[in-house]
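S.K.: Here you go, sequence then predicted model.
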Amino acid sequence: QVELVESGGRLLQAGDSLRLSCAASGRTDSIYYMAWFCQAPGKEREFVARINRSGPNTHGVDSVKCRFTISRDNAKNTVYLQMSSLKPEDTAVYYCAIQTRGSPQYDYWGQGTQVTVSS
C-alpha cells in the first residue's frame, strides 16, 4: 500500500508560478512512475506529466509542455510539478498518481489539490 498526499494548490493570478508537491509513504520501494493528472471543472481527468526513478519524463498535454516541469526527489519519495505562466484554463484539481513496477496502470492516487487561476 502506498499513500499519496498532495500539497501546494491555492488561488493565484494569471502569470503566477506555483509548485505542487506530492509525498509518498508506505511501500515506496514499489514505485516506478510518479505522475500528475489534472481535472478541470466539467472535464475528464487528463494526464499532465510523469517521471520515472531515473528521471526521463513525458508530458502529455501539449499546451503545458513548455510551462510545467515535473521533477522527483527519490530520497524524499516526493514528486513536484513546477507550474509557470499560469493561465485561467489551468484551473483544475491536480492529482498525483503512481504506477508500481510491472503494473499496467496507475495503482494509487492522491486526494487532489485545487489550483485556481484568476484572470
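M.R.: Structure received.

S.K.: name the element the residue nearest to Ser103 when sequence neighbours are not counted belongs to?
M.R.: Counting by C-beta to C-beta, 6 or more residues apart in numbering, Ser103 lies nearest to Tyr32, which is 7.7 Å off, once chain neighbours are set aside. Where you see a C-beta, it was placed from the backbone N, CA and C, and this is true even at glycine. Per DSSP states H and E: Tyr32 is located in strand 31-39.

S.K.: Could you name the helices and strands sitting against that strand?
M.R.: Based on contacts counted as 3 or more C-beta pairs under 8 Å, 6 or more residues apart in numbering; DSSP states H and E, the elements that strand 31-39 packs against are strand 18-26, strand 46-51, strand 68-73, strand 78-83, strand 92-100.

S.K.: what sits up against stretch 75-89?
M.R.: 12-25, 28, 31, 34-36, 40, 48-49, 51, 63-64, 67-73, 90, 94, 96, 115, 117-119 (C-beta atoms under 8 Å, 6 or more residues apart in numbering).

S.K.: typo on my end, it should be stretch 12-31
M.R.: 1-10, 34, 36, 53, 76-88, 94, 96, 98-101, 110, 113, 115-119.

S.K.: Pull out the buried members of those.
M.R.: 2, 4, 6, 9, 34, 36, 77-81, 83, 86, 94, 96, 98-100, 110, 113, 115, 117 (16 or more other C-beta atoms under 10 Å).
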